[in-house]
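>>> sequence first, then the predicted structure:
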Amino acid sequence: MERLLDIFDEIDGMDATGRLRVVLAGDFMLDEYVHGDVERISQEAPIPVLRVTKRDYRGGGAGNAASAIAALGGRVECVGVVGADWQANKVIEPLAAVGAGTEGLVALSDRPTTIKTRYVGLAQHKNPHQILRVDDEVTSPLPADVAKKLIHAVAAALDKDTILAFQDHNKGVLADATAQAMIAAARKVGAKVVVDPAPVANIARYRGATILTPNRHEAALAGGVMITDEASCQKAVRNIIKITGAEAVVITLDAQGSYLGDADGGRLIPTAPRAVADGTGAGDAVMAMLCVALAGGCDLAAAVELANVAGGLEVERFGVVPVTRDEIRDELRRRIGLRRSKIMDRKRLAQELERIRRDGGTVVFTNGCFDLLHMGHVNYLQQAREHGTCLVAAINSDAGVQRLKGPKRPVIGQEERAKMLASLECIDFVTIFDEDTPDALLELLRPDILVKGGSTDVIVGKDFVESYGGKVQRLDLVAGMSTTDIINRILETH
């Protein structure tokens, strides 16, 4: 994992150089999510009745992969088709927003934008689940003149350091002749070709590709082998390579990780266990990480390991939410015990706490000056940590302490105070706030439990925390133990 983190940091450092380039050809679609509450069963048929509360629109299909590549620092050029309709804008706008090139998306007046509509119901206002998916699409091969435009767009964007990626959903864009012409253009300039294949038995359309990344079902279909173990994976790999001439095949195996194989053999690359919320988008995350890693000069085995991490993070989310570079890095550091410093700015801390909550954790929050850290503080913080699975200590900045305590305080600067608190095992995160009260921080972090010591009747943030169902816990401080007492005792000895 330390080696993998070093490799990822090297790849990440290439972002500014523009080397992480991917030309992505495939089926760009619109994902529509219709959300609602399921409160009864229809009287007309034994089916749930969905009372619609909102509709969301997101780029789908190859658009998911494009967004994922961009989130990982890649520069992606999109090649495909959309309709001459309002849905096309819903596909193009989010791509443009993340910096993806969209000039290669050809608008067709006689072919609508492909739409996948997912109906998502909540029972008793919780636990969202897909009820039904409806596809509105035309899947016939593209007219020859349109295919020629796409082939030209791919060829014009490629060079030897660029990755050509196919995200094929078998909607007619990557027909056999079109795919072959694009692969030929890549091979002419020495570019690698990474293919996320469609679930089809005839994969000859990908002949000449560098790497294929089928899932278990796609590999079984293309390789003519039921995937049950490593031996069957390798047999499928050999059959796929025999047809396509690919250098390697990566079979994604869900919770088991990925099988990386070539004509000479292969091995299983395991992944960490995950609490799966939704498998949608996992293949896109894997494809995106593979492409970015390979564009950065990463060897294939390490690229697959990184792709496992990306796919694992993606399945923990509902819907398709691209995995970011920081999340990949944080996950690697977490695995090797080198998690990001406990001292975090509030934005990064909010992201970290969100992941902890998704894993079922309970966030405890406390705040104070913590000037001259003493045993009273330590006892108090240890008690606070017992109320949850994660303790956040927010400390007043130097300017904030001066406003509260006077011009001669703090005795210890904010950076030193933060480091001393971070050294305590009972504290998980430390953040510094400059406001007079932690109200803004509480609104951002929304802790499950707010802990405060002392005998004062006023606990800042109490009403807000309780307003969303959080708890407030008062703890007694150790009598005679305070920073002021310690300072006075020091002064008395001189």
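Everything's here; your move.
>>> how about Gly61, what does it touch?
Going by CB atoms under 8 Å, 6 or more residues apart in numbering, Gly61 touches Gly26, Asp27, Phe28, Met29, Thr114, Lys116, Gln167, His169, Lys171. All C-beta atoms are positioned from the backbone trio N, CA, C, and that covers glycine.
>>> excluding chain neighbours, give the residue nearest to it in space.
Closest residue in space to Gly61, ignoring its immediate chain neighbours: Met29 at 3.7 Å, by CB to CB, 6 or more residues apart in numbering.
>>> surely Gly296 meets Val22?
No: in this structure Gly296 lies outside contact range of Val22 using CB atoms under 8 Å: 11.0 Å.
>>> so those two - more neighbours on which side?
Shown here are Gly296 and Val22; by other CB atoms under 10 Å, Val22 has more neighbours (28 against 25).
>>> so how far is Gly60 from the residue nearest the centre of the chain?
By CA atoms, centre = their mean, the chain has its centre lying nearest to Val323, at 2.1 Å. Using CB to CB, to the nearest Å, Val323 is found at 17 Å from Gly60.
>>> also Asp359?
Distance, Asp359 to Gly60, using CB to CB: 28 Å.
>>> report the contact partners of the residue nearest to Gly61.
59-63, 91, 113-116, 137, 169, 171.
>>> would TSV of the residues you listed with secondary structure be doable?
As requested, those are exported to TSV (DSSP: H, G, I helix; E, B strand; the rest coil):
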residue	secondary structure
Gly59	strand
Gly60	strand
Gly61	strand
Ala62	helix
Gly63	helix
Val91	helix
Thr113	coil
Thr114	strand
Ile115	strand
Lys116	strand
Glu137	coil
His169	coil
Lys171	coil
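>>> closest to Asp398 among these?
Lowest distance from Asp398 to the contacts of Met29 (CB to CB) belongs to Gly59, with 45.8 Å.
>>> that closest one touches Asn89, doesn't it?
No: using CB under 8 Å, Gly59 is not in contact with Asn89, being 10.9 Å away.
>>> returning to what we had before: what about the residue nearest to Gly61, which helix or strand?
Here Met29 is covered by strand 28-41, with elements defined by DSSP states H and E.
>>> and that strand, what's buried?
Of the residues in strand 28-41, those with enough neighbours to count as buried (16 or more other CB atoms under 10 Å) are Phe28, Met29, Leu30, Asp31, Glu32, Tyr33, Val34, His35, Gly36, Asp37, Val38.
>>> same question, stretch 463-477
Of the residues in stretch 463-477, those buried (16+ other CB under 10 Å) are Val465, Gly470, Val472, Gln473, Leu475.
>>> tell me what the last one is bridged to.
On the basis of DSSP bridges, Leu475 is bridged to Gly453.
>>> list the contacts for it?
Per CB under 8 Å, 6+ apart, neighbours of Leu475: Tyr380, Gln383, Ala384, Val451, Lys452, Gly453.
>>> and the furthest pair within the residues you listed?
Gln383 and Lys452 (11.7 Å).
>>> low-confidence bits of the stretch 201-350 of the chain, can you list those?
Within the stretch 201-350 of the chain, the stretches with pLDDT under 70 are 271-281, 314-320, 334-340.
>>> now with 90, please.
Scanning the stretch 201-350 of the chain for pLDDT under 90 picks out the ranges 201-202, 252-258, 263-264, 266-287, 289, 293, 295-345, 347-348.
>>> and the helices in it?
For the stretch 201-350 of the chain, helices defined by DSSP state H, counting those that start in this stretch occupy the ranges 216-223, 230-244, 282-295, 300-315, 325-335, 346-358.
>>> please tell me how far Ile427 sits from His377.
Ile427 sits 10 Å away from His377, going by CB to CB.
>>> which one's more surrounded, those two?
Between Ile427 and His377, His377 has the larger neighbour count (other CB under 10 Å), namely 24 against 20.
>>> average model confidence for the helix or strand harbouring that one?
Here His377 sits within helix 375-385, counting by DSSP H and E. For helix 375-385, mean pLDDT is 89.
>>> tell me the buried residues in that helix?
For helix 375-385, by 16+ other CB under 10 Å, it's Gly376, His377, Asn379, Tyr380, Leu381, Gln383, Ala384, Arg385.
>>> on that earlier part again, ok, Asp359 and Gly60, which is more surrounded?
More crowded of Asp359 and Gly60, by other CB under 10 Å: Gly60, with 26 against 11.
>>> what does the pLDDT read for the more buried one?
Looking at Gly60, the pLDDT reads 89.
>>> that one against Lys116, yeah?
Yes: when contacts are counted by CB under 8 Å, Gly60 is listed as touching Lys116 (5.6 Å).
>>> what residues do those two have in common as contacts?
Counting by CB under 8 Å, 6+ apart, the residues touching both Gly60 and Lys116 are Met29, Leu30, Asp31.
>>> report the beta-bridge partner residues of the last one.
Think Asp31. Arg58, Lys116.
>>> residues touching it, list them.
Counting by CB under 8 Å, 6+ apart, Asp31 has contacts Tyr57, Arg58, Gly59, Gly60, Asn64, Ile115, Lys116, Arg118, Val320.
>>> cool, the second one as well?
Residues near Leu30 by CB under 8 Å, 6+ apart: Tyr57, Arg58, Gly59, Gly60, Gly63, Gln87, Lys90, Val91, Thr113, Thr114, Ile115, Lys116.
>>> quick check: closest non-adjacent residue to the first one.
Think Tyr57. Using CB to CB, 6+ apart, the closest residue to Tyr57 is Lys90 (4.5 Å).
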